[in-house]
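Enquirer: Predicted model and sequence follow; I will ask about them next.
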Amino acid sequence: MQQLAWLSEKLIAAYGREFADRIFEGYSINRPVTLRVNTLKSAPAKVREAFSAVNIPLMPVGWYEDAFIAETASEHEIKRLTAYLEGEIYLQSLSSMLPPLFLDAKEGESVLDMTAAPGGKTTQISALTEGKAFITACEKDKLRAERLRFNIARQGAPRVSVLQCDALKLDDFFRFDRILLDAPCSGSGTICFADGAPQKISPLLVKNSASLQEKLLVKALRLLKKGGTLVYSTCSVCPEENGEIVERALKTAGGNLQEIVVPEEIPALPSLSGTLTVCPNVLYEGFFVAKIVR
């Protein structure tokens, strides 16, 4: 806790003592395993039946019929199941399932996932469009790009092209109907005291993350077709990585915020008007999502 005194002060300044205490309470919780059914290969009822057969009950998620909570099982147990090995499910936090849902891509559209590895959101977009969107998944790191390709193949996601390159270097000639920018961030929303994560975050990491995020978001807006939709997200609860980035990028590159309709079950923090900042708790990681139209 001592090494995060600076973060506590930052969050109190941003949200007030009550919300800052809620965030730190969320840092102390070990969340249950959550998963998404890959509807390209299976169906929620089939997966639930398969888990029931091995005595693993699945709890539904009210705002997403393809998502489940496995309260009594570990990741290790689930990774041994046929459903996991054959790509019928994908282990994914509930918060990270939100950006593809808000992106709302349609079949036949061109979609860019700017920083796509390891592929959870890429394959979710594919499943949501029944494999009929044309997705470009960008990842600059070689090893992460290989993992991205592996997950795309395992999930059976068609019409997905992987580009191993820096998204900032994409030619401005390209134009996309929908863009997902799940930006690299400090991870201040996913801190878990049990796994030593607090040692990985620092003021310098937040500052450097914000600098890169702004560049990526301005680039994304330049690649977005007129009338297109962009979703910007991070797993951070620091305003300088979230709402502040969005406001500056919109002034630089144009676009308008489209208000996000937040399901009642999701614990929300005060946020830039129209956006969502998820408060970490027993089920959710801290997360930020903004939806922008061109």
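Expert: Structure received. Numbers count the residues shown, from 1 in each chain.
Enquirer: Show the residue spans covered by the strands in the stretch 151-294 of the chain.
Expert: 160-163, 176-182, 224-234, 256-257, 268-269, 276-278, 287-293 (DSSP state E, counting those that start in this stretch).
Enquirer: For those strands, give me JSON lines that also has mean neighbour count.
Expert: From N, CA and C alone the C-beta is placed, and that goes for glycine too. Putting the strands of the stretch 151-294 of the chain into JSON lines (neighbours: other C-beta atoms under 10 Å) gives the following:
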{"stretch": "strand 160-163", "mean neighbour count": "18"}
{"stretch": "strand 176-182", "mean neighbour count": "25"}
{"stretch": "strand 224-234", "mean neighbour count": "21"}
{"stretch": "strand 256-257", "mean neighbour count": "14"}
{"stretch": "strand 268-269", "mean neighbour count": "20"}
{"stretch": "strand 276-278", "mean neighbour count": "26"}
{"stretch": "strand 287-293", "mean neighbour count": "25"}
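Enquirer: Adding distance to E18, write those out as a markdown table.
Expert: As requested, the strands of the stretch 151-294 of the chain are arranged in a markdown table below (distance: least, C-beta to C-beta, whole Å):
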| stretch | distance to E18 |
| --- | --- |
| strand 160-163 | 43 |
| strand 176-182 | 29 |
| strand 224-234 | 23 |
| strand 256-257 | 26 |
| strand 268-269 | 11 |
| strand 276-278 | 15 |
| strand 287-293 | 19 |
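Enquirer: how many other residues sit next to I29?
Expert: If you count neighbours by other C-beta atoms under 10 Å, I29 ends up with 15.
Enquirer: ok, the closest residue to it other than its chain neighbours - contacts?
Expert: Sequence neighbours aside, V282 is the residue nearest to I29 in space, at 5.2 Å (criterion: C-beta to C-beta, 6 or more residues apart in numbering). V282 is in contact with 26, 29, 31, counting by C-beta atoms under 8 Å, 6 or more residues apart in numbering.
Enquirer: Can you tell me the element the second one falls in?
Expert: When you say that, I think you mean I29. Using DSSP states H and E, I29 sits in no helix or strand.
Enquirer: Please apply the same query to the first one.
Expert: Mapping G26 onto the secondary structure by DSSP H and E places it in helix 17-27.
Enquirer: Which neighbouring elements make contact with that helix?
Expert: Helix 17-27 sits against helix 5-15, with contacts defined as 3 or more C-beta pairs under 8 Å, 6 or more residues apart in numbering; DSSP states H and E.
Enquirer: Please state the offset of the helix it packs on from the chain centre?
Expert: 23 Å (C-alpha atoms, centre = their mean, to the nearest Å).
Enquirer: what's the average pLDDT for it?
Expert: The pLDDT scores in helix 5-15 average 95.
Enquirer: between it and helix 17-27, how many degrees?
Expert: 130 degrees (axes from the mean of the first three to the mean of the last three C-alpha atoms, to 10 degrees).
Enquirer: F287 is in contact with V231, correct?
Expert: No. Taking contacts as C-beta atoms under 8 Å, V231 lies outside contact range of F287: 11.8 Å.
Enquirer: how far away is the residue nearest to C192 when sequence neighbours are not counted from G120?
Expert: Leaving aside its sequence neighbours, C192 sits nearest to Y27 (C-beta to C-beta, 6+ apart; 6.4 Å). As for Y27, its distance to G120 is 22 Å (criterion: C-beta to C-beta, to the nearest Å).
Enquirer: next one: L128
Expert: Distance, L128 to G120, using C-beta to C-beta: 12 Å.
Enquirer: and the next element down the chain from the helix holding G26?
Expert: Proceeding N to C from helix 17-27, the next assigned helix or strand is strand 33-37, under DSSP H and E.
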